[in-house]
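Student: show me how the following folds:
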Amino acid sequence: MATARSEGKPVLITSAEKSQDEQLRDRKVRYVLMMAARAVLLIVATVLVMAKAPLLWLWIPLCVAGGAILPWVAVLVANDRPPKEQHRLRSRWHRRPSPDDPRAVTQREHRVLDPDE
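Tutor: Residues are numbered from 1 along each chain as shown. This next block holds a predicted model:
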């Protein structure tokens with residue numbers, strides 16, 4: 001018999017999207033990772049300048065460009081929500097099951113429970 005919970009987390013039994021809290025947490029994690037990458041670029045640029053590395057004329061503009069572009073991308077990613085299922089490429093690539101397939105969900109009329117009845 002299957003249990004309703006697995007290691008303290010509920011089992012996903014529907015195609016429901018992630019909750020708003022989970023989406024926000026995921027966006028925060030992505031933002032922090034991008035800002036950490038920006039900090040690493042700043043540290044690398046500093047070390048390269050102090051060490052007088054070869055090809056410094058190439059590495060410094062790359063680090064500066066990455067440091068300037070990453071905050072912009074991080075804000076865009078942090079403020080964006082995941083795409084709806086009908087707009088994902090993955091859902092367009094998967095073959096839809098035929099109606100004759102016994103595993104396919106039937107497209108029949110479902111009974112609606114109305115509390116006012």
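
Student: could I get the full set of helices for the protein?
Tutor: 20-51, 56-79, 89-93 (DSSP state H).

Student: out of the ones you listed, flag the one nearest residue 113.
Tutor: Closest approach to residue 113 among the helices of the chain is made by helix 20-51 (26.7 Å; CB to CB). Heads up, the C-betas are built off the backbone N, CA and C, glycines and all.

Student: quick check: angle from the closest one to helix 56-79?
Tutor: Helix 20-51 and helix 56-79 are oriented at 170 degrees to each other (axes from the mean of the first three to the mean of the last three CA atoms, to 10 degrees).

Student: contacting residues for residue 42?
Tutor: For residue 42, the contacting residues are 63, 67, by CB atoms under 8 Å, 6 or more residues apart in numbering.

Student: what do you get if the cut-off is 7 Å, keeping everything else the same?
Tutor: Residues near residue 42 by CB atoms under 7 Å, 6 or more residues apart in numbering: residue 67.

Student: pLDDT at it, what is it?
Tutor: With respect to pLDDT, residue 42 scores 92.

Student: ok so, going back, compare the mean pLDDT across the helices of the chain and name the weakest.
Tutor: helix 89-93 (a mean of 58).

Student: hmm, back to that, and the helices of the chain as JSON lines, adding distance to residue 116?
Tutor: Output for those, formatted as JSON lines (distance: least, CB to CB, whole Å):
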{"stretch": "helix 20-51", "distance to residue 116": "30"}
{"stretch": "helix 56-79", "distance to residue 116": "41"}
{"stretch": "helix 89-93", "distance to residue 116": "36"}
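
Student: of all these, which one is nearest residue 114?
Tutor: helix 20-51 (28.3 Å).

Student: what's the neighbour count on residue 60?
Tutor: 15 (other CB atoms under 10 Å).

Student: returning to what we had before: right, and the helices of the chain - which one's nearest residue 115?
Tutor: helix 20-51 (26.5 Å).
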